[in-house]
Every structure is written in C-alpha cells, then in structure tokens.
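Participant: missing the sequence, but the structure's below:
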C-alpha cells in the first residue's frame, strides 16, 4: 500500500520510496539507521522525517554524541579531546578536525542564541546573600583578558582582548548574612558571558543573565572592576541600580607596591613593610586620605627613583578616588576585591585558550569563549542549552 507525506517545499504529495540507510556516530560508537525516504515528483524535493525526529542534521553525529564531543573540546585541546578524552571516556573515535568543527559549531550556536535573546532554561531566582545592614546584594563585574591570535595561513597577528562578564552571589563569611543561615554550605553562584568584539557585545547577554537569576529582587547592586578604560561607564549604563562601582583594592594597592619597591631597592622586607603600612591605610582610611598623603610625599623631595612610580600612583588615585571609599564599603560588608572576575578570566578563558603554543582565529576564539562561559557557569545551564537544542 502506498504512503505519502506533504512536501515541505511545495505542499504536494511526497511519495514513500523505501528505506535508506545512514551511518552515524552515537555514544556507543558507529551505527546504521534505516529511515523512510520520501520523494516529491512535482518539485523534486526529498525528505527523511525520521532525521528530524532524531535531530540529525547534516553532521554524522547524534545529538548526544555532539554534546559529548563539544564537552571534551571545551575542556581540553582538540587533539587531546580526540586522542585521549573521547576514546577513554566513551569509546567514540573521531578526528581532531571533527572535534574542532563540532565544538566551534556548538559555540557558534550559543552565540547566536544569545544574539537572539534566547534563555537557557527557566528563570531561576537566586537567594541573594545580605550585607551588614541586612540588605540583599547582587554583584556584577566585567574584565578583559588577552589572547594570542593567528592570521590567515598561519601568519602572525596582533593579540586580541576578549571581554568576560559575570553576575554572581558571593558567600559571606558570617553565617548570619547568608540567605540560608542553616545551610552549612550554600552554593557559589555565578553566570558568565564572553565577547570578542568589545563591551557593547557583552551588554545584552549579561543583562539577560542577571534578569534570569532574579537580580532585580536583590535590594542592592554592587559592581567591582579594575581601572580599565570604559568599564565603569559600561557598568553604570547597563546596570543603573548599581550603588557603587568599587575599584579593586588590590589593583590600587599595586601602585603603592611600586613605590615601596622603588623606595627600598633590593630590600624585599623593607619594601613589603612600607607597602603593607600604606595598604592598611588605604583599606581603613580610604583613597582620598592616601591620595593626600601621596601628594604630600611628592613635595618632600623623594629619591629620584621614587618620583616616577609616585607620580603614576597620584595620577591613578586622582582618576579613581571616587571608587576607593574602602572603609564605607567594608562597614557595609561589601566585597572590595575583583578576585571573582579575575578568576573567571582564568577559568573561563585562560585554562582552555591560553595553553602553551595556542593561537586562535577570530571565529574560533569567539565561539570557544561562548562554550567555555556556558561550561563554567552555574550548574544546569549546559544541560538547559542542550535539552533546548
């Protein structure tokens, strides 16, 4: 008995022409799938509905195999993923180029989904931890890290900066400030996004991640960054409820460290003691007080080797002093260090993309950044993306 379906192109009848075999790679290795093939005599279009049901596209891998291949390609180099991880963990054997292609394709899909304002999984409202005043606080931060790049045909190319953004819910040391005080180990929560083409590309995805975790429900928003150009403006424009864009305390302290090393050349102990005293004052008296002392120091004819780092510190403090009220920040129980975003740059980007000898093309760097951000983010994001796709 004949059988037909409606042709998806011309809406005529497409007739069943029998079974067609297709070789694919699944989690258990290579296999052959027999599917019904339909042909439309009016427009010449062929169709295999079973492929759509099984989510088989033009690639040879099943969706589950592609996920595992992409996972290994996100974790380690494409060569290691193909030669060691895949074969050892799953028995799947594919080439290095296949791992690269599948991983970069998934990364591209993640980026396209972000550009299309798609969200991975249902909204999940975080239980925001509290500051000393008992108000819940949501944190946001951005930074950038460098990548080695490669031009066409292996030619040398200038490095690029890739931006990393995160929303996070750091755990207070004091149990009384935790959203779940009776929970012995509340989870560390963070979501990441990356962009190779500047901060503007980071804006929408980062805001959507904040919205999906219920950052609007946090009573206070705090931003932390180093003194990078444009970061403060980016944070204030895209997160207008931010009460303070705090300058990372350790970036500011490093300027004091430069003075200490110049003041005590060859004397590591003396340099550390000098820096520790000034850093203590910065933390407990604030940037304005230390800036005043630095200016006073400059009028006291310091050693010639000290003058350059001293002037550099004065200039830096003058530009950033409005973000250096560390006594007030600490009194409120706010974080003053950019450790989380610096750690994100290392774990999201550095651990995978800055291995020895690695250089990246523009498209590859962008797509691997996306897949790394998803992989390193909050538990459940990875599964939500793959279940949706």
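Facilitator: That came through fine. It should be emphasised that the depicted structure is a prediction, and the values quoted were computed from it without experimental measurement. Residues are numbered from 1 along each chain as shown.

Participant: The helix or strand of the chain with the lowest mean pLDDT: which residues count as buried?
Facilitator: Using mean pLDDT, DSSP states H and E, helix 49-53 stands out as the lowest-scoring helix or strand of the chain, at a mean of 80. Buried residues in helix 49-53, counted by 16 or more other Cβ atoms under 10 Å: 50-51. (Glycine included, C-beta is placed from N, CA and C.)

Participant: now do stretch 348-367
Facilitator: 348-350, 352-353, 359-360, 364-367.

Participant: wait, which of those is closest to residue 15?
Facilitator: Distance to residue 15 across those (Cβ to Cβ) is lowest for residue 367, with 40.6 Å.

Participant: Spatially nearest residue to that closest one, not counting backbone neighbours?
Facilitator: residue 107 (3.0 Å; Cβ to Cβ, 6 or more residues apart in numbering).

Participant: need the contact list for the one you found.
Facilitator: By Cβ atoms under 8 Å, 6 or more residues apart in numbering, residue 107 lies in contact with 70, 74, 366-371.

Participant: Which of those residues fall within helices?
Facilitator: 70, 74, 366-371 (DSSP state H).

Participant: and the gap between the residue nearest to residue 361 when sequence neighbours are not counted and residue 382?
Facilitator: Once flanking residues are discounted, residue 361 sits nearest to residue 150: 6.0 Å by Cβ to Cβ, 6+ apart. Distance of residue 150 to residue 382, computed by Cβ to Cβ, to the nearest Å: 28 Å.

Participant: So these two - more neighbours on which side?
Facilitator: Taking neighbours as other Cβ atoms under 10 Å, residue 150 and residue 382 compare with residue 382 leading, 21 against 16.

Participant: For stretch 364-382, buried residues please.
Facilitator: Buried residues in stretch 364-382, counted by 16+ other Cβ under 10 Å: 364-378, 381-382.

Participant: pLDDT of it, averaged?
Facilitator: Mean pLDDT, stretch 364-382: 94.

Participant: so how far is that stretch from its chain's centroid?
Facilitator: How far stretch 364-382 lies from its chain's middle: 7 Å, per Cα atoms, centre = their mean, to the nearest Å.

Participant: Check stretch 270-278 too.
Facilitator: For stretch 270-278, the distance to the chain centre is 35 Å (Cα atoms, centre = their mean).

Participant: Okay, now the unreliable bits of the stretch 251-389 of the chain?
Facilitator: Scanning the stretch 251-389 of the chain for pLDDT under 70 picks out the ranges 389.

Participant: which residues of it fall in strands?
Facilitator: Using DSSP state E, counting those that start in this stretch, the stretch 251-389 of the chain contains no strands.

Participant: try the stretch 51-200 of the chain
Facilitator: Under DSSP E, counting those that start in this stretch, the stretch 51-200 of the chain gives strands at 137-147, 160-169, 189-195.

Participant: Out of the ones you listed, which is the most enclosed?
Facilitator: Across the strands of the stretch 51-200 of the chain, averaging neighbours per residue (mean count of other Cβ atoms under 10 Å) puts strand 189-195 on top, at a mean of 26.

Participant: list the helices and strands that strand packs on?
Facilitator: With contacts defined as 3 or more Cβ pairs under 8 Å, 6 or more residues apart in numbering; DSSP states H and E, strand 189-195 has these neighbours: strand 160-169, helix 199-212, helix 339-344, helix 362-376.

Participant: can you list contacts of the top strand by length along the chain?
Facilitator: Once the chain is assigned using DSSP state E, the strand that runs over the most residues is strand 13-26. Contact with strand 13-26 is made by 2-7, 30-41, 45-48, 51, 56, 60-62, 64-65, 92, 94, as judged by Cβ under 8 Å, 6+ apart.

Participant: Quick one: the strands of the stretch 51-200 of the chain as a markdown table, columns for mean pLDDT too.
Facilitator: Formatted as a markdown table, these follow (pLDDT from 0 to 100):
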| stretch | mean pLDDT |
| --- | --- |
| strand 137-147 | 96 |
| strand 160-169 | 96 |
| strand 189-195 | 96 |
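
Participant: In JSON lines: the ones you listed, plus distance to residue 131.
Facilitator: What follows is these, written out as JSON lines (distance: least, Cβ to Cβ, whole Å):
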{"stretch": "strand 137-147", "distance to residue 131": "5"}
{"stretch": "strand 160-169", "distance to residue 131": "12"}
{"stretch": "strand 189-195", "distance to residue 131": "16"}
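
Participant: tell me the contacts of the closest residue in space to residue 251 that isn't next to it in sequence?
Facilitator: Closest residue to residue 251 apart from its sequence neighbours, by Cβ to Cβ, 6+ apart: residue 226 at 4.5 Å. By Cβ under 8 Å, 6+ apart, the contact set of residue 226 is 143, 247-248, 251, 338.
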